[in-house]
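A.B. asks: from the sequence below, what's the structure:
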Amino acid sequence: MIETLSDLVVFTVFGSAIWFLILVVALIVSLFISEHQEEGFGGFGAVVVFVIINNIWGNVPLVELVTWVNVITYLVIGFLFSLVRTYFKGKELTKEYDKLTNKNSHDTLEKYKKSFRLSEHVFRWWLMFPISMLHWLFGTLLKDLFTRVYDKVESLYNKIFNL
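C.D. replies: Here you go, the predicted model:
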């Protein structure tokens, strides 16, 4: 009887593709939340919980996807992305420093950049690069693009708005 109940729970909760899809969506949402909050441990925890739940109740063989080629490819792409992201973050911090009105709290640009604590972000950008890349593209770069386009047409919209 206990074995039947256990099989029933496995089949009804995690044995179907719908529940696996729900679990994957929950993982992706938690990874995006972790990236938005700039906290890598939450994303790591979500991945660990996902793998444990899938290994206990799931029927998707995740272990077969983990090969040396896949791991090395993932790490190399993530490393390259973290280098690109570090470069652009440095440019962003330089612009922020140039806009500061009270630069006395940070004597130099170098000290201002050191206050960012790059080491806390590099590994998140490296190991969660697909999520970090999407968050950066849609969260920062598109926002900058729309800001630049609006800056170009702002006077037109202001004239129409003030009619």
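A.B. asks: burial measure for Leu156, as a count.
C.D. replies: Neighbours of Leu156 under the rule other CB atoms under 10 Å: 9. To be clear about C-beta, it is placed using only N, CA and C from the backbone, and glycine gets the same treatment.
A.B. asks: could you look up the SS state of it?
C.D. replies: Secondary structure assignment for Leu156 (DSSP: H, G, I helix; E, B strand; the rest coil): helix.
A.B. asks: start the count at 25 instead of 1 going forward.
C.D. replies: Yep, numbering from 25; the last one is Leu180 now.
A.B. asks: pLDDT score assigned to Ser30?
C.D. replies: You'll see Ser30 listed with a pLDDT of 56.
A.B. asks: so where's the chain uncertain?
C.D. replies: 25-41, 125-130 (pLDDT under 70).
A.B. asks: switch to 80 and redo it
C.D. replies: 25-45, 62, 64, 78-87, 89, 123-139, 165, 187 (pLDDT under 80).
A.B. asks: domains of it?
C.D. replies: Using automatic domain parsing, the domain ranges for the chain come out as 25-90, 91-187.
A.B. asks: state the distance from Asp175 to Tyr136.
C.D. replies: 25 Å (CB to CB, to the nearest Å).
A.B. asks: so where do the helices sit in this structure?
C.D. replies: Here the chain has its helices, by DSSP state H, at 26-33, 41-60, 64-81, 92-123, 133-138, 143-151, 153-160, 166-185.
A.B. asks: deepest-packed of these, please.
C.D. replies: With neighbours taken as mean count of other CB atoms under 10 Å, the helices of the chain reach their highest mean count in helix 153-160, at a mean of 18.
A.B. asks: what comes into contact with that helix?
C.D. replies: The list of residues contacting helix 153-160 from outside it, by CB atoms under 8 Å, 6 or more residues apart in numbering, reads 52, 55-56, 58-60, 67, 98, 101-102, 105-106, 109, 148-149.
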